[in-house]
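> with the sequence up front, the predicted model follows.
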Amino acid sequence: MGTQTTSDDAIVVVSNQAPASLNIIRSLGRRGVRTIAAANREGTPAIASRYCDESVRVPDPFSDIIKYRDALLDLAERPDVRTIAPVREPDVYVLSKYREAFAEHISTLWPDAETLAEAHDRVALVDAAETAGVAVPETHLLTDVEDWSGRRIVKARYGFLADQYLDDLAPENAMEAATTEYIDRDEAPDVDALVEQMGHVPIVQEYVDGTEYTIRALYDDGEPVVSTQKALRRGMKYPRGPSVYHEAVDIPALERAGLAILDELDWHGPASVGFIRDAESGTFKLLEINPRFWASLPCDIHAGVDYPHYYWQLANGETGPFDPTYRPGTASHFLRGELVHLHSVLTEEYAYVPRPTVSGTLGEMAGSLLEQPNFDVFSLDDPRPFLRDTLNTVLGQ
């Protein structure tokens with residue numbers, strides 16, 4: 001039996017420009033749950049939602065993550081707050097590192113610091129994947145690579161940079177992970193420059209041709225209570241990048257691989273596990289884990305799986321597994337991201353990744369908008385967040 005709740009019980013949703021926070025607020029607000037948007041900047045689309053009951057300004061975690069922690073703890077201490085929903089890496093980092101302090105006040109639906117470190121450290125994650133029998137791309141530390149004859153990418157070792165992972169960072173300092181670099185074949189990069197750019201020694205992985213997929217899941221003390229899958233149909237950049245047009249899928253081999261790594265980590269809370277399906281072998285190769293709510297959450301909700309609702313149920317003592325009616329084949333668009341994708345096609349070049357034609361890209365966009373008129377931000381029922389998001393884009397915010 002679940003914990004008794006009242007109409008005053010609330011959830012704090014960390015809010016940024018990505019669609020996840022907005023859709024958590026929409027989902028739970030529509031169900032009568034009080035929603036509190038915690039944002040470090042004004043003009044966040046989620047705050048404009050008709051389903052946002054209250055907004056609170058918090059410090060920027062990348063300016064001082066200790067002050068950010070203190071602000072979240074202040075919110076957790078409120079008697080009406082039942083839990084917090086993390087949508088960014090600094091959110092889950094703070095919540096996990098200081099999990100015991102938060103547990104004195106609210107339900108803690110996220111992993112402990114040790115487990116989070118395994119997910120954030122892509123070297124440790126590769127080791128965990130190999131133990132779980134999950135395939136991974138060939139992966140090495142940048143400083144260990146001598147042969148640059150293959151197709152390689154350089155990416156941050158850590159999904160988030162903070163003092164728990166890097167000794168030279170002060171406790172109050174935190175940094176976003178740098179973007180992926182594509183390395184020209186047979187051209188050794190400037191190792192020192194890349195280390196300086198990334199802020200640490202990054203990893204090098206083989207570039208794998210194929211489609212990017214993710215499995216998303218909500219876990220309760222090591223047990224999955226609901227899961228879904230997504231195919232990336234268009235990313236922010238034409239090679240890949242964050243998903244801007246995404247389709248719900250149902251592939252048993254993907255489900256097995258994703259749940260295997262989360263089982264190995266004895267996961268707790270929400271997570272999205274990214275894979276590339278190797279175009280040659282068909283094997284799903286692990287890329288990373290996003291240990292929080294994922295940006296393309298609206299795709300799952302459109303496909304019939306309301307993760308925020310199940311998260312709220314767990315926070316209030318309900319138990320799974322949950323069994324929603326999942327609708328694979330449903331797809332959703334992040335319209336601002338679609339424009340970024342088009343800009344990438346128009347202006348950018350990437351090593352060994354052929355650039356699509358502008359006409360072909362426009363045709364694909366038009367076709368998918370007609371066939372799948374589902375959107376991450378735009379909603380006739382709640383239009384103001386889309387208008388706010390559009391204004392932010394115009395103003396460069």
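Okay, I see it. Residues are numbered from 1 along each chain as shown.
> list phi and psi for H105.
phi -120, psi -30 (degrees, to the nearest 10).
> neighbours of it, how many?
17 (other CB atoms under 10 Å). Heads up, the C-betas are built off the backbone N, CA and C, glycines and all.
> list the contacts for it?
By CB atoms under 8 Å, 6 or more residues apart in numbering, the contact list for H105 reads L73, A76, E77, V81.
> where does the chain dip in pLDDT?
For the chain, the stretches with pLDDT under 70 are 1-7, 396-397.
> look up how far H343 lies from the residue lying farthest from the centre of it.
The C-alpha centroid of the chain is most remote from D186, which lies 32.8 Å away (CA atoms, centre = their mean). From D186 across to H343, the span is 30 Å (CB to CB, to the nearest Å).
> can you check E118 too?
E118 sits 36 Å away from H343, going by CB to CB.
> re the thing from before, does the residue farthest from the centre of the chain belong to a helix, a strand or coil?
Using DSSP: H, G, I helix; E, B strand; the rest coil, the structure places D186 in coil.
> give me the secondary structure label for the closest residue to it other than its chain neighbours.
Once flanking residues are discounted, D186 sits nearest to S149: 5.7 Å by CB to CB, 6 or more residues apart in numbering. Classification of S149 by three-state DSSP places it in coil.
> picking that back up, out of the contacts of H105, which are buried?
Among the contacts of H105, those buried by neighbour count (16 or more other CB atoms under 10 Å) are L73, A76, V81.
> how is the chain divided into domains?
Domain assignment of the chain by automatic domain parsing yields the ranges 10-117, 153-201, 210-395.
> A strand includes D382, no?
No - going by three-state DSSP, the assignment for D382 is coil, not a strand.
> and the gap between it and V12?
20 Å.
> so those two - more neighbours on which side?
V12 (23 against 19).
> that one touches P86, doesn't it?
No - using CB atoms under 8 Å, V12 makes no contact with P86, being 9.7 Å away.
> highest mean neighbour count out of the domains of the chain?
domain 10-117 (a mean of 21; mean count of other CB atoms under 10 Å).
> distance from it to the middle of the chain?
Centre-to-centre, domain 10-117 and its host chain are 15 Å apart (CA atoms, centre = their mean, to the nearest Å).
> just the helices in the stretch 201-350 of the chain please.
252-264, 297-302, 307-315, 335-347 (DSSP state H, counting those that start in this stretch).
> which of the ones you listed sits closest to S368?
helix 335-347 (9.1 Å; CB to CB).
> what's the angle from the helix or strand following that closest one to helix 335-347?
Stepping forward along the backbone from helix 335-347, the first helix or strand reached (DSSP states H and E) is helix 358-371. Calculated by axes from the mean of the first three to the mean of the last three CA atoms, to 10 degrees, helix 358-371 forms an angle of 160 degrees with helix 335-347.
> what helices and strands are in contact with the biggest strand by length in the chain?
Looking across the chain with DSSP state E, the single longest strand is strand 223-235. Counting contacts by 3 or more CB pairs under 8 Å, 6 or more residues apart in numbering; DSSP states H and E, strand 223-235 packs against strand 210-220, strand 243-249, helix 252-264, helix 297-302, helix 307-315, helix 335-347, helix 358-371.
> tell me what T35 is bridged to.
I11 (DSSP bridges).
> hang on, isn't it packed against D9?
No - applying CB under 8 Å as the test, T35 and D9 come out as separate, 10.8 Å apart.
> which residue is nearest the middle of this protein?
Centre-nearest of the chain using CA atoms, centre = their mean is W294, 3.2 Å out.
> spit out the contact partners of the nearest residue to it once chain neighbours are set aside.
Sequence neighbours aside, S272 is the residue nearest to W294 in space, at 3.8 Å (criterion: CB to CB, 6+ apart). If you count contacts by CB under 8 Å, 6+ apart, S272 has them with T214, I215, R216, I289, N290, W294.
> could you redo the last one with a cut-off of 10 Å?
Neighbour list for S272: 214-217, 228, 230, 258, 288-297, 300 [criterion: CB atoms under 10 Å, 6 or more residues apart in numbering].
> residues touching the residue nearest to the centre of the chain, list them.
Shown in contact with W294 (CB under 10 Å, 6+ apart): 18-20, 87, 214, 216, 230, 242-243, 246, 270-274, 300, 307.
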